[in-house]
Each structure stands twice: as C-alpha cells, then as structure tokens.
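Enquirer: Predicted model and sequence follow; I will ask about them next.
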Amino acid sequence: MYETALPARPARDAERSGWSLSRRGFLALGAGAGLAALLDACSGGDSAGGTASKNQILVIGSQMASFPSLDTGAITLAGYEGQRLIGNLIYEGLTKRDVSDPNKPAGLAPALATSWQVAADGLSYTFSLRTGVTFHDGAPWNADALLYNINRYTNPGDPHYVKALGTYYTVLTYVKDVKKVDEMTVTFNLKEKFAYFLTDLYNVYFASPTSLDKDGSAGQANHPVGTGPFTFTSLTPNQQITMTRNPGYWGGPPKLNQIVVQLIPDAAARSAALRSGRVNWIEAANPDDFAGLQAAGFKTAQNAFDWEWSWQLMVNQKPFDDLRVRQAMNYAIDREAIAKDLLHGTAAPAYQTFAAASPFYTEADNLYKYDPDKAKQLLTDAGYAGGLDIKVGYITAGSGAMQAKAMNEALQAQLAKVGIRVTLDPVDFAGMYAKLGAGNTGWQAVNQAFSLEQPSSWSWLFITGQNYFGYGNSEFDALWKQALGTTDDAARAKLLTQCGHLATADAAWMYVVNDTAPRAMAGSVRGYVQPKSWWVPFNTVDIG
C-alpha cells in the first residue's frame, strides 16, 4: 500500500495564430493598462491561510496559438502546455506527477487519492479518497463524484457522455469496472495487468457533478469546475485565460492570487512582451534572446528532460523503406551545430530514440554522429547516387515545437549537402493530424515533438499497424507489450531500453535534439525551480 505525508501544496501543439500585426499591436498597447487593472483588483489583503498579497499575479506568455476546449480530457488537445498551464491548475486526478526533485524525472505522488492498495494479482486497485475536498462550486469530492466522472467517460448511455473525451484516456480502456466500497473508497478492477495504471491516472481529471448536471459538457468546456489550486475566472477567446487562487484548496492556497495565460505563439513577440512588462513569464524562450534577457536582469531556467524533437520517417514508402537511406539521414545532419549555434545551448544533440534524461537511456545506443561522407556512401549503396527528393510536413508552432521554421530550414540546408533535396510543408497542429489521420499526406517524413515519458502511449509512434509512420518491428512490439505488464520498475525499464535500441538501430526517426524547456521571467518572480520534466510546479512561485 502506498501512503505518504502530503506536501503543503501540489505542484501538451497548437493551431496557427490568426493575429494580424495591427491586432498584436493593439494588444501590446493595451496590455499595460490591463495588467495594471488586474494588479489593482488583487491589491488588497487575502483570506485566511493565504500568503498572497499585492501584485501576486503571474502573467504567462504561452507558445500555444489557441486554447482547447476546457473540458477535462479535451484540454489535452493543447498538449502538455495546455495541461501544465491550465489543466493541472483547475483539475486534479487521483495521482499526479511529482516534480519536487529537479534532479530526477517526474515521479508519482498522491492527489485526490491519499493511498492505494494493489491486489496480489495486479488486477485490482483500491483507492482511499482524500477527505475534506470540495469542487470549486462547493460540491463534495467522494466516491459518487468519482463514479459520476468515470461513467461519463466510459458509458455511452450517460447523459453527459462525449465519445471524444474517453479517447483521451487510454488508461480507462484497461478498466473492467469501478466499485464503490464506501463513501471515500473505490476499487478499480482491470481487464489485464497494466504497470502504468497509477501514473496514467494523473490527467484523468474530475469535474463537478453539480456543474455538469446544470450546464453539461458544453458548460464545462467554457467554464470548468474542478478541485485544483486555481479556479477558472474568465476566458477571452484567442487571447487569454485567467485563473484565481482557490482559498479553500486542500493542500493550502497558492501564494499567487492569479495566473493569466496569454497566447503569444511567436517567439520574438514573447520576448518583447517580457521586456515591455506585458507578461512576467514566457514559455519556450527564444534562444537568440536568452543571453540578452539574462544580461538585462531577467531570470532564466532550463533543465534536461525527456523531450524528443525529430523527423519521423515514413518507413513504409520510398525512399525510407530502405534502412540505408534512413541511416544516411542520421549521418547527414550536424545536430551539434543546431544545438550549439542555432539554439545556443537550449537543447542537447540527440543521437538515439531516448534523451539522456530518460530513465530508459543508455549511452551505448548513441549510434549516429555527423559523417556526411558515410551518408553519401549509404545513399549510393541504396541506388541514390544522384540524390533524392523528399517532402516533409512540420508543425509551425505550439507546445514543444521549439524554433520549428529555423530548425527545419537548417536541416534542409544540411541534407542538401549530401544530395537530399527537401521541400518543407508547414502546417498547424490540427492540419498535421488531419492529414496523418486521412493517410494521404504527400509527405515522406514529418516533424513534430513529444515526450516519451509515458510508455503506454508509444503505440501511436512505434507499434506495428498502430502508428502513423509505417514503422513495424515484431520484437519491439513484444518487448513493449511485456513491459506494460511488468510491475517491477527495473525490469520494466530494461525492456523499454531494449525497445529504444531497436528503434534506433532501425533508424525509425532522424534524431535531431532534445529540448531543455528554456523559460525566462521577470526578476520579481521568486521560488521557481526548473524540474527535470515538462511539468511546472507553480505551488512554490510568488512575486517579490
């Protein structure tokens, strides 16, 4: 049984921007007054138990270009940025990602459950629910509220059932049923052993049954009601969302009065917004501005974590049906130059499937280095002595996209030197997945970025017949399936390391860099320590 004393407080890209220059200029001109008004509104004293005071407003410049639906599972459509900047503040799951140690990858911690007991056969999980918790509208958190939400995700007969919501929660496909033991105890019975059951529950969010009964899923999508440390306050479509501290939060109220997330998908515009005071925190800080911001007195933060920025190669079509061509791609690129000269140290070169920060990484799998002569020889051996032409679709902006245009153009130039002529096709996040879903993309490779922190989700990347890119390796499939049912952490990690070795040896992707999530913030922002993860611990942050 997992039991722990809880800390005082708990701790994904996007669509293309539709902003015109005039609109952006208008927002910039009005931002100072708007922020001043916010500060004035929060300038008074605070409720019992709080430490928030005047000016405790964190205004974040986000790389998202639009907001997703705010309904529980749907918020994951904005990727990790939507979850870490909005979802994890308004909602909670039974468990959460533990990012309290900046030297370790994200772990597991209790949230709306305080403890759990796993049956000897690994097929039943009994959770003790946290007592004294209420939703933002005052509705109680208990076994009935849990069952209400799970039924909404899994039962087509439920009046608030939305099929799409359930598709965001693969973990629930392993659940046979959920039984109420008593008012604050529930048991999940699984169809088969699933080693990631506890960790994958982190974003199975719970919404207020009272709110859903009153306003339904449509209401939740626009005015979410959860149990998290911040409550939803307002949404200005395509501009910003405001969340206000929950004074009755079970873990103790946050230090910040409000968090405001503004949509600023352009990296240079984010830097300008920080310098002007429009925002006091920016995500995905522009590498070209990083040193300048530091010199100007702004705080910066970055840390190695499991984030893969690569080209996924369509291995079921020419020319990438030939291993030698895929290998040539990996030898042709100077990833060190991209990491150092283009990204100014805000990323690390990637030589294999896993980042060095991944628990599944082994240095022995760093198979590829910059060797253009070897790349040319491999192309000649494969029958492409005269070079070849490919088209690559890439996501232009959004959570984790980094400096997509500049990076892809740099790769285009490098590949041209060995005779690989690349046509780049920029698309937004929705356009990427619409094309991948339809299957007739016209691309031979795609560029997108993602975390491999959640192995249970690797099927859409690697598993035969399930991924978008035609990759298939029966040994990989078997090892991955075995890992999902292996409850011993060390044994499971060893199996997944073997999976990574196979994908790397197969050159399933062209490995480029691993992000370090560079952020910048005003000097007045205090208490933030960058985790070795995509997740952000706002519970320690205040404004000095």
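Expert: Sure thing, it's come through. Numbering: from 1, shown residues only.
Enquirer: end to end, how far does stretch 132-143 reach?
Expert: Using Cα to Cα, to the nearest Å, the end-to-end distance of stretch 132-143 comes to 13 Å.
Enquirer: should've said stretch 237-254
Expert: With Cα to Cα, one end of stretch 237-254 sits 26 Å from the other.
Enquirer: buried sites along it?
Expert: For stretch 237-254, burial by neighbour count (16 or more other Cβ atoms under 10 Å) applies to 240-246, 248-254. Placement of C-beta: from N, CA and C, glycine included.
Enquirer: do the same with stretch 370-390
Expert: The neighbour-count check on stretch 370-390 (16+ other Cβ under 10 Å) flags Y370, P372, K374, A375, K376, Q377, L378, L379, A382, Y384, L388, I390 as buried.
Enquirer: Then stretch 121-128?
Expert: G122, L123, Y125, T126, F127, S128.
Enquirer: With distance to G226, pLDDT and secondary structure added, can I get those in TSV?
Expert: Output for these, formatted as TSV (distance: Cβ to Cβ, whole Å; pLDDT from 0 to 100; DSSP: H, G, I helix; E, B strand; the rest coil):
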residue	distance to G226	pLDDT	secondary structure
G122	30	95	coil
L123	29	97	coil
Y125	22	98	strand
T126	24	98	strand
F127	18	98	strand
S128	20	98	strand
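Enquirer: so where do the strands sit in the stretch 301-450 of the chain?
Expert: Ranges of strands in the stretch 301-450 of the chain, per DSSP state E, counting those that start in this stretch, are 308-313, 347-349, 388-395, 420-427, 445-450.
Enquirer: which one of the buried residues of stretch 121-128 sits closest to E336?
Expert: Each of the buried residues of stretch 121-128 was scored against E336 by Cβ to Cβ, and G122 proved nearest at 44.0 Å.
Enquirer: secondary structure class for the closest residue to the closest one other than its chain neighbours?
Expert: Of all residues not flanking G122 in the chain, K193 sits nearest, at 4.3 Å (Cβ to Cβ, 6 or more residues apart in numbering). Under DSSP: H, G, I helix; E, B strand; the rest coil, K193 falls in the coil class.
Enquirer: quick one, what contacts K193?
Expert: K193 makes contacts with D121, G122, L123, L484, G485, T487, as judged by Cβ atoms under 8 Å, 6 or more residues apart in numbering.
Enquirer: Please repeat the previous calculation with a cut-off of 10 Å.
Expert: The neighbours of K193, taking Cβ atoms under 10 Å, 6 or more residues apart in numbering as the test, are D121, G122, L123, Y174, L484, G485, T486, T487.
Enquirer: I figured the second one was touching F197, is that so?
Expert: Yes - the pair G122 and F197 passes the contact test of Cβ atoms under 10 Å, sitting 8.8 Å apart.
Enquirer: Look up the residues that both of these two are in contact with.
Expert: The contact sets of G122 and F197 overlap at L190, T487 (Cβ under 10 Å, 6+ apart).
Enquirer: and the gap between D488 and K193?
Expert: 12 Å (Cβ to Cβ, to the nearest Å).
Enquirer: same question, S533
Expert: Counting by Cβ to Cβ, the separation of S533 from K193 is 26 Å.
Enquirer: would you list every one of the helices in the stretch 1-150 of the chain?
Expert: 21-41, 79-82, 88-90, 143-154 (DSSP state H, counting those that start in this stretch).
Enquirer: in the last one, what counts as buried?
Expert: Burial within helix 143-154, assessed by neighbour count using 16+ other Cβ under 10 Å, is assigned to A143, A145, L146, Y148, N149, I150, R152, Y153, T154.
Enquirer: At which residues are the helices of the stretch 401-544 of the chain located?
Expert: 404-416, 429-438, 459-462, 474-484, 489-505.
Enquirer: May I see these arranged in a markdown table, with distance to H160 and mean neighbour count as well?
Expert: Output for the helices of the stretch 401-544 of the chain, formatted as a markdown table (distance: least, Cβ to Cβ, whole Å; neighbours: other Cβ atoms under 10 Å):
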| stretch | distance to H160 | mean neighbour count |
| --- | --- | --- |
| helix 404-416 | 37 | 18 |
| helix 429-438 | 25 | 16 |
| helix 459-462 | 27 | 18 |
| helix 474-484 | 30 | 17 |
| helix 489-505 | 36 | 18 |
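Enquirer: Next, format those helices as TSV and append mean pLDDT and distance to G544.
Expert: Converted to TSV, these look like this (pLDDT from 0 to 100; distance: least, Cβ to Cβ, whole Å):
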stretch	mean pLDDT	distance to G544
helix 404-416	97	35
helix 429-438	88	36
helix 459-462	92	42
helix 474-484	97	45
helix 489-505	97	40
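Enquirer: Quick one, which of the ones you listed gets closest to I90.
Expert: Checking those against I90 by Cβ to Cβ gives helix 429-438 as the closest, at 21.7 Å.
Enquirer: quick one: that closest one to chain centroid distance?
Expert: Its chain's average C-alpha position is 18 Å from that of helix 429-438, according to Cα atoms, centre = their mean, to the nearest Å.
Enquirer: Any stretches of the stretch 51-200 of the chain with poor pLDDT?
Expert: Counting by pLDDT under 70, the stretch 51-200 of the chain has low-confidence residues at 51-54, 78-79.
Enquirer: could you list every residue that touches Y394?
Expert: 311, 401, 404-405, 407-408, 411, 424-427, 432, 443, 445-449.
Enquirer: sorry, that was for T346
Expert: Residues in contact with T346, defined by Cβ under 10 Å, 6+ apart, are 284-288, 290, 300, 302, 339, 402-403, 513, 515-519.
Enquirer: and it, what pLDDT?
Expert: Note for T346: predicted pLDDT of 94.
Enquirer: Quick check: F476 touching T464?
Expert: Yes - counting by Cβ under 10 Å, F476 touches T464, with 8.0 Å between them.
Enquirer: how close does I264 sit to K180?
Expert: In this view, I264 and K180 are 45 Å apart by Cβ to Cβ.
Enquirer: Over to L411?
Expert: Relative to K180, L411 is positioned 54 Å away (Cβ to Cβ).
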